[in-house]
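Colleague: dropping the sequence and predicted coords here.
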Amino acid sequence: MSQVSVSVHALRGLTAALFRSQGLTALRAASVADSLVCADLEGVASHGVALVPLYLERISKGSVDPHAEPLVVEDHGGLVVMSAQNALGQVSAAVAVELAAARAREHGVSVVSVRHAFHFGTASYWARQFAAAGMVGFAFSNTRPLMPAPGGAERVVGNNPMAIAIPARVDEPLVVDMAMSATAMGKIRLAEANGEAIPTGWATDAAGRATTSATEAIQGMLLPAAGPKGFGLAVAIDLLCGALSDGAVGAAVRPLYGELDKPYDCSHAFIAIDAARLHGGAGIAPQVAGFAQAIRDSRRAPGTERIYAPGDLERARRAGNGEHCPIAGELAQRLNQFAADAGIPERVAA
């Protein structure tokens, strides 16, 4: 599938316009668009504007409510439970992150969990917002079951992404963003769309046999990253999101690409630590920056040109793309067609 390079400004504008046409406010539509375009700029196309068709279809079929107002259902100061009310995940995540940061400033540490939620893009997009405020930020989500227990042949837990952002230099936090599977399902769906095989070790077929077929993997199971370690972390994240929020856990989370008229109903969790207040107000950024630089300066193995600290590679991709964003040409055409169907003038050069 050929790629095209489109204007970042035009892509954000078109994406936001599509969501405004579905009833989102201008501010919320811009937030959704920014999270998706940022993923593409950082090389995470599985969480970028390729999700727009799914989001729009779920809105049209009623499983995502573009007018929903996320609300607090339990408030214990530094521990809060919210209901997303089946809003787009970026809408409820923006509310939760703002609330978590405010409560961390008050209490030092805060936890905000969210039930009745939807896909929120990359977890790092939200964790970085805490780091920009001088806080250590965590963002988690559970997903429908995609992975078996070690030795199992049945999906029992999602690959449940986690991101941690730790403030360092301005605009250069140390960022860890990972799903608990060997790869994300979105990458396998992209491989299927492109007619590509997937690497051994990513997934099994429905019977639990290793496969390099993207189609068989989608019908089968993802494999946990690092075997039982990734599986254990996935279980913990599932409960951190679902049990804390009294939301869906395990099989109660529905398939993202399944029955699109039924809510996805995942759960999220956000943790903020107000590290800026520590050490007489000096915070932790200088120590974090020093450690990150030590990683970059560490001795390289033969054939390695550069060593990246966590978060560097995504920043390098974003900087390398500049004001242009690579997306699939077919996707650009599809977005333009959505715009034409909605009667809005915004377009990208396809």
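Modeller: Here it is on my side, so go on. All values reported here derive from a predicted model rather than from experimental measurement.

Colleague: in three-state terms, label the residue nearest to Ala289 when sequence neighbours are not counted for me.
Modeller: The shortest distance from Ala289 to any non-neighbouring residue, by CB to CB, 6 or more residues apart in numbering, is to Ala168 (4.0 Å). The C-beta positions use only the backbone N, C-alpha and C, and glycine is treated the same way. In three-state terms, and counting by DSSP: H, G, I helix; E, B strand; the rest coil, Ala168 is strand.

Colleague: residues in contact with Ala168?
Modeller: Neighbour list for Ala168: 174, 285, 288-289, 292 [criterion: CB atoms under 8 Å, 6 or more residues apart in numbering].

Colleague: of those residues, which belong to helices?
Modeller: 285, 288-289, 292 (DSSP state H).

Colleague: okay, these in TSV with distance to Arg144 and neighbour count next?
Modeller: Formatted as TSV, the ones in helices among the contacts of Ala168 follow (distance: CB to CB, whole Å; neighbours: other CB atoms under 10 Å):
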residue	distance to Arg144	neighbour count
Ala285	37	20
Val288	35	21
Ala289	38	19
Ala292	35	21
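
Colleague: give the contact list for the residue sitting nearest the centre point of the chain.
Modeller: Nearest residue to the geometric centre of the chain (CA atoms, centre = their mean): Thr122, 1.9 Å. By CB under 8 Å, 6+ apart, the contact set of Thr122 is 35, 38-39, 42, 44, 47, 161, 163, 177.

Colleague: cool, and Gly250?
Modeller: Counted by CB under 8 Å, 6+ apart, Gly250 has contacts 145, 156-158, 238, 242.

Colleague: closest one to Ala84 out of those residues, please.
Modeller: Gly242 (12.9 Å; CB to CB).

Colleague: skipping adjacent residues, who's closest to Trp207 in space?
Modeller: Small correction: residue 207 is Ala, not Trp. Nearest one to Ala207, counting by CB to CB, 6+ apart, is Ala153 at 6.5 Å.

Colleague: so that neighbour sits right up against Arg209, yeah?
Modeller: No: using CB atoms under 8 Å, Ala153 is not in contact with Arg209; the gap is 9.1 Å.

Colleague: could you give the number of residues near Pro7?
Modeller: One correction, residue 7 is Ser, not Pro. Each residue near Ser7 was counted by other CB atoms under 10 Å, and the total is 14.

Colleague: so which bits of the helix or strand bottoming out on mean pLDDT in the chain are buried?
Modeller: Least confident helix or strand of the chain, by mean pLDDT, DSSP states H and E, is helix 185-193 with a mean of 88. Of all the residues in helix 185-193, those buried under the rule 16 or more other CB atoms under 10 Å are 185-192.

Colleague: that helix - contacts with which helices or strands?
Modeller: helix 214-219 (3 or more CB pairs under 8 Å, 6 or more residues apart in numbering; DSSP states H and E).
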